[in-house]
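*Asks:* here is a sequence with its predicted model. Questions after.
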2 protein chains.
Amino acid sequence: MNALPTELLRQAQQLSESVTRPIPGSRKIHVEGSRPDIQVPMREIALDPTPRMYGIQEPNAPFVVYDTSGPYSDPNANIDLGAGLAPLRAQWIAERGDSSPLPGLSSEFGRGRAADHKLDSVRFPALRPPRRANAGANVSQMHYARRGIITPEMEYIAIRENQRIEAIKEAHLLRQHAGEAFGASIQKFITPEFVRDEVARGRAVIPANINHPELEPMIIGRNFLTKVNANIGNSAVSSGIAEEVEKLVWSIRWGADTVMDLSTGKNIHETREWILRNAPVPIGTVPIYQALEKVDGKAEDLTWEIFRDTLVEQAEQGVDYFTIHAGVLLRYVPLTAKRVTGIVSRGGSILAKWCLAHHKENFLYTHFEEICEIMKAYDVTFSLGDGLRPGSIADANDAAQFGELETLGELTKIAWKHDVQTMIEGPGHVPMHLIKENMDKQLAVCGEAPFYTLGPLTTDIAPGYDHITSAIGAAMIGWFGTAMLCYVTPKEHLGLPDKNDVREGLMAYRIAAHAADLAKGHPGAQARDNALSKARFEFRWEDQFNLGLDPERAREYHDETLPKDAHKVAHFCSMCGPHFCSMKITQDVREYAASQGVTDEAEALEKGMAEKAEQFRAQGAQLYRRD
Amino acid sequence: MNALPTELLRQAQQLSESVTRPIPGSRKIHVEGSRPDIQVPMREIALDPTPRMYGIQEPNAPFVVYDTSGPYSDPNANIDLGAGLAPLRAQWIAERGDSSPLPGLSSEFGRGRAADHKLDSVRFPALRPPRRANAGANVSQMHYARRGIITPEMEYIAIRENQRIEAIKEAHLLRQHAGEAFGASIQKFITPEFVRDEVARGRAVIPANINHPELEPMIIGRNFLTKVNANIGNSAVSSGIAEEVEKLVWSIRWGADTVMDLSTGKNIHETREWILRNAPVPIGTVPIYQALEKVDGKAEDLTWEIFRDTLVEQAEQGVDYFTIHAGVLLRYVPLTAKRVTGIVSRGGSILAKWCLAHHKENFLYTHFEEICEIMKAYDVTFSLGDGLRPGSIADANDAAQFGELETLGELTKIAWKHDVQTMIEGPGHVPMHLIKENMDKQLAVCGEAPFYTLGPLTTDIAPGYDHITSAIGAAMIGWFGTAMLCYVTPKEHLGLPDKNDVREGLMAYRIAAHAADLAKGHPGAQARDNALSKARFEFRWEDQFNLGLDPERAREYHDETLPKDAHKVAHFCSMCGPHFCSMKITQDVREYAASQGVTDEAEALEKGMAEKAEQFRAQGAQLYRRD
């Protein structure tokens, strides 16, 4: 019998207060679907009323927002990291009757890890046997979608994407500029049928491995909300399991829609298990990293067999998407010879080395259909890697990059033959004026499969601030149609990110994603801007903070100069002080007009305000109240 | 006789080490023009050599960058804040023979301040009498330019804008993507004649009051490098004179091309004097703020006479540009009635209140030509204010905003009749897809006068991060042709920024400005990206830090996980560790190919690398060195 990982459990139980405290002003709600086990999580932000004249308090309905934080931010939830999250999808998966639990692990490596007692101190204690598709079955969401089936996951997603926009009554919240979506099919309201259709045609993916039943389903596609991925994972010179689990919980608190575990250090397998069992979001990996660790870091010693076993090992743990650099072809590698920064993708450089060492085609490419057979047995989504993405402005949009993109398009067709869900990874470092070309090419050659970019960074000259250099490019490429944006932290190019960096990166990327939704005219996107700006204009400070992406920081910054509770009803802040606040002055002007029985300022002028102006001055109307 | 401001001098002398320490890796250089008193400051960054095979060290020439930091970052300079900077333009101004020193101050308010002994403790000790144009003369740079005169300021600017691009020999630095400049007239090389022509046609401005001889001249225009403004200034609830001077020096250290003093608190006049006498960059103000202070905050008590006196007071101190909200017309004010955030411009709201209180047209508009007469007597540049800019996404591009823009276009024509230099202020809060319309309209109605925007912010939902929400919009509108970007700090909407906020805001905006220059294809812009990426690829860590916008932070972030000196030559960082660094692997691959006498990887494949691949493996070529 295996001993328990006592020390690790103890560390894990101490998930710090910082990652679990409730999100200020919010409470978790669940919206029920067509059956009681479809309970879609969202956050509801309570708002103060708007003060009107004569003491009237006009209520503001609570504002609902999309929520990725899982049970961790819910004070009513009971968290036990050693037990993992509730397997909310288990019944849906079992009901489909096309998969079964296995008697043991299929992966040789996995079996070896399970039997190794030296790993007792780090092994997740509550392991379940993995499931796999029955012989001849295909358990991917695309397969169901193409057969006209609306799964519970699809219904869940439709409810989630709408964010209860249908319940908004206040007209001022619904006002929105018409967007510019460059031909995307933006819907006024998302239906489960629309979800099914988008998945069937490959324009969206639902990363949802049957071995990740704890997942709160989500969708990645151009016609849905723009998504953000955060990266966690250890490296040889940093970070242990407890820290990685905490980074997961921290990432989703700040809005990560998916998380990639990019560990390259110790105990990759065990680290991943703890993460998956406690992850309400899809988890992605780059299997070549672990494969490389298995051959002690010698790329030339990689083999298809080792890689295949790694795919099965990770699929049976429940990884929802794999980055596979199957587009790094031998003939493209020389095209990087004159680059300023060569090959900057870890996976890409590893495969390039292998190709040159063996003078053979990339084994991920030559064995691609066998990979598809594995993917469809567990419903793992492809993230076709951009191993040849540009790592500097000079290298942007070159032949190596676009050559690989063409091959990814070819591979997408093969994946779709197998009904395997597929998204396409993208750049990188690209100056603003060359960004649209990337989107246009990807749409043309990859059959509208979702695009998933890293930034792009719009200049190389700001190490320490690459969350900003890339938020600019990410916002733009999201507007043009990119479905998911992989975040970049301030530590990019310099070191492994810590918790603060993860927060900064996520804030920059949630901004980019939302700016993209606004520009596309995504229905309801502008409601949050409207709600926050109204709160700002009415000096409802708490509401302004709580409606923002980071309520804690907004409050902290405000309180640096005006910390007292009385300041939260003040009609100014320290930027301008009480005499100069333009919003205050605007309010005075409007109130004066209203008090004169003039509800329309334009009307007032037509009637001739000269008299009223006289009265205004005679009244000695003050610029600021004495309350 | 006035007593000296002893306490203030003592505080000022203690300009902290943080604002004056040398910029790492840089030394100040001066490039001489056609006469010895034209000495144009730049920064030169020393670089380490590139290690080649067989122990060869290939030198990298020092890299020259534009520098706004003035003498403060030069350890050889002797700083005396109580004496002010050297009046480097004094001779050029005197030589023109069209202005003279005045016997005393022309402004009544100014004379009052000078005589008030209670202000001795805050008054700048080394005051000079102001100059003014001789009767009938016009001392604006535009006036000279239109008469075919190339002033020393114009020559200085041409040298400064080129950043010694003509001296770059290394081909790898000069590679650059062709840009997309939307019809701008981007030059391969800036000549003094080109500067003159741009100023003559109003497409660029050189803010350079004859009473600010300490200024290091610079230019703002679509066909020059994109510029950034930082705001400083106290408010009623924060900050004293010594802090404001330190903020000035700090701002220019981090790259502010101009600085606006937006003080609304105590001793506005004296604060500004200390700033001007120690500012190597143009200083802008919003005179209506001080005028409002003179009437104890009652907008309705403002008069043309008080305002006129304020303009003269400030012009005689040397303010280089005035924000004048002459476009806030009575008839536009009602168009803001249905806005979510009303009028967010302080100046705009003040003027709106005045208009409604008096039921009269904005006195800045009705007296505009008289303002021109003042501007031309000192060469103060107009910054025609966007008092009706949108302060929320909902209000973007509405009738109030564009109505005011039309009026600013009309006023530009009037200003140009007087040869008064003019730029146009712009928004605000604008979602990405509505940004280009702003640029296109401004170009069309304002005769290509330079555009100077505040962001724009591309979403309202991130208080605490508005330097990022707005860097996205600023980069885009800079690309489209905006000449100067007014920064936004993380404190926007929440409070007065401190030093850290100023740095964060400037970094975000220097990124936006440079991203814009790259996208426009500004000659030489990509050289810095190329130099930094080459340093990055070659693991010249110190060079990577020093070439970046913030060398100190880049180094600090790197050192968080790898602090030792040995790490600065390490061929990895803590992001991936020694086994996984893609750049290291790429280098291994290239070196192996080269060692086989194969300089062209493509050639190697054509010759059949099978043999060579065999040798590679037999050699046991390691993935990573043991050094």
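*Replies:* In hand now; what should we look at?
*Asks:* flag every residue of the stretch 51-200 of chain A that's near chain B.
*Replies:* Proximity of the stretch 51-200 of chain A to chain B, by CB under 8 Å from any CB of the partner chain, involves residues A:172, A:175, A:177, A:179, A:180. Quick note: C-beta positions are derived from backbone N, CA and C, even for glycine.
*Asks:* what residues does the last one make contact with?
*Replies:* By CB atoms under 8 Å, 6 or more residues apart in numbering or on different chains, the contact set of residue A:180 is A:479, A:519, A:520, A:521, B:433.
*Asks:* can we see that at 7 Å?
*Replies:* Going by CB atoms under 7 Å, 6 or more residues apart in numbering or on different chains, residue A:180 touches A:519, A:521, B:433.
*Asks:* closest one of the residues of the stretch 51-200 of chain A next to chain B to chain B?
*Replies:* Among these, residue A:180 lies closest to chain B (CB to the nearest CB), at 4.0 Å.
*Asks:* so which helix or strand takes in that closest one?
*Replies:* Secondary structure assignment for residue A:180, by DSSP states H and E: no helix or strand.
*Asks:* and it, what's its pLDDT?
*Replies:* Here the pLDDT value assigned to residue A:180 is 98.
*Asks:* then the one 3 residues further on?
*Replies:* For residue A:183, the pLDDT comes out at 96.
*Asks:* before we move on, back to that, please indicate which of the contacts of residue A:180 are buried?
*Replies:* With neighbours counted by 16 or more other CB atoms under 10 Å in any protein chain shown, the contacts of residue A:180 contain buried members at A:519, A:521, B:433.
*Asks:* how about a markdown table for those residues, with pLDDT and secondary structure added?
*Replies:* Shown next, in a markdown table, are the buried ones among the contacts of residue A:180 (pLDDT from 0 to 100; DSSP: H, G, I helix; E, B strand; the rest coil):
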| residue | pLDDT | secondary structure |
| --- | --- | --- |
| A:519 | 98 | helix |
| A:521 | 97 | coil |
| B:433 | 98 | helix |
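*Asks:* before we move on, back to that, out of the residues of the stretch 51-200 of chain A next to chain B, which is most surrounded?
*Replies:* residue A:179 (23 neighbours; other CB atoms under 10 Å in any protein chain shown).
*Asks:* so that one touches residue A:519, yeah?
*Replies:* Yes - between residue A:179 and residue A:519 there is a contact under CB atoms under 7 Å: 6.1 Å.
*Asks:* who touches both of these two?
*Replies:* Common neighbours of residue A:179 and residue A:519 (criterion: CB under 7 Å, 6+ apart): residue B:433.
*Asks:* residue A:490 against residue A:500, yeah?
*Replies:* No - using CB under 7 Å, residue A:490 is not in contact with residue A:500, being 8.4 Å away.
*Asks:* okay but residue A:354 is in contact with residue A:302, surely?
*Replies:* Yes - at 5.5 Å, residue A:354 counts as touching residue A:302 under the criterion of CB under 7 Å.
*Asks:* could you dump the buried ones among the contacts of residue A:180 to JSON lines with distance to residue A:262?
*Replies:* Shown next, in JSON lines, are the buried ones among the contacts of residue A:180 (distance: CB to CB, whole Å):
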{"residue": "A:519", "distance to residue A:262": "30"}
{"residue": "A:521", "distance to residue A:262": "34"}
{"residue": "B:433", "distance to residue A:262": "34"}
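*Asks:* about what we covered before: which one of the contacts of residue A:180 sits closest to residue A:338?
*Replies:* Nearest to residue A:338, judged by CB to CB, of the contacts of residue A:180 is residue A:519 at 35.8 Å.
*Asks:* and the helices in the stretch 351-500 of chain A?
*Replies:* Listed in chain order, the helices of the stretch 351-500 of chain A (DSSP state H, counting those that start in this stretch) span A:363-366, A:368-378, A:399-417, A:435-445, A:466-480, A:499-520.
*Asks:* keeping just the C-alphas, turn stretch A:305-325 into PDB.
*Replies:* Taking Å, rounded to 0.1, in the frame of the first residue of the first chain, the C-alpha atoms of stretch A:305-325 are listed here in PDB:
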ATOM      1  CA  GLU A 305       7.400   4.900 -29.100                       C
ATOM      2  CA  ILE A 306       8.400   7.000 -26.200                       C
ATOM      3  CA  PHE A 307       6.300   9.900 -27.400                       C
ATOM      4  CA  ARG A 308       3.300   7.700 -28.000                       C
ATOM      5  CA  ASP A 309       3.500   6.300 -24.500                       C
ATOM      6  CA  THR A 310       3.700   9.800 -23.200                       C
ATOM      7  CA  LEU A 311       0.500  10.800 -25.000                       C
ATOM      8  CA  VAL A 312      -1.300   7.900 -23.600                       C
ATOM      9  CA  GLU A 313       0.000   8.500 -20.100                       C
ATOM     10  CA  GLN A 314      -1.100  12.100 -20.200                       C
ATOM     11  CA  ALA A 315      -4.400  11.400 -21.900                       C
ATOM     12  CA  GLU A 316      -5.300   8.900 -19.200                       C
ATOM     13  CA  GLN A 317      -4.600  11.500 -16.500                       C
ATOM     14  CA  GLY A 318      -7.100  13.800 -18.300                       C
ATOM     15  CA  VAL A 319      -5.100  16.400 -20.200                       C
ATOM     16  CA  ASP A 320      -7.600  18.300 -22.300                       C
ATOM     17  CA  TYR A 321      -5.300  19.600 -25.100                       C
ATOM     18  CA  PHE A 322      -1.900  18.700 -26.400                       C
ATOM     19  CA  THR A 323       0.500  21.100 -28.200                       C
ATOM     20  CA  ILE A 324       1.900  19.000 -31.000                       C
ATOM     21  CA  HIS A 325       4.600  20.500 -33.200                       C
END
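*Asks:* next, count neighbours for residue A:129.
*Replies:* Other residues lying near residue A:129 total 12 when counted by other CB under 10 Å.
*Asks:* which residues does residue A:229 form a beta bridge with?
*Replies:* As for beta bridges, residue A:229 partners with residue A:258, residue A:486 under DSSP bridges.
*Asks:* and it, what pLDDT?
*Replies:* 98.
*Asks:* just to check, it is in contact with residue A:483?
*Replies:* No - when contacts are counted by CB under 7 Å, residue A:229 is not listed as touching residue A:483 (10.7 Å).
*Asks:* surely residue A:236 touches residue A:265?
*Replies:* Yes - using CB under 7 Å, residue A:236 is in contact with residue A:265, at 4.8 Å.
*Asks:* tell me which of those two has more neighbours.
*Replies:* Ranked by neighbour count (other CB under 10 Å), residue A:236 and residue A:265 place residue A:265 first, with 22 against 18.
*Asks:* what pLDDT does the model give the more buried one?
*Replies:* So residue A:265 comes in at 82 (pLDDT).
*Asks:* Three-state assignment for it, please.
*Replies:* coil (DSSP: H, G, I helix; E, B strand; the rest coil).
*Asks:* neighbours around the closest residue to it other than its chain neighbours, how many?
*Replies:* Closest residue to residue A:265 apart from its sequence neighbours, by CB to CB, 6 or more residues apart in numbering or on different chains: residue A:234 at 4.0 Å. Look at residue A:234: counted by other CB under 10 Å, it has 23 neighbours.
*Asks:* nearest to residue B:557 among the buried ones among the contacts of residue A:180?
*Replies:* Using CB to CB, these come closest to residue B:557 at residue A:519, 31.3 Å.
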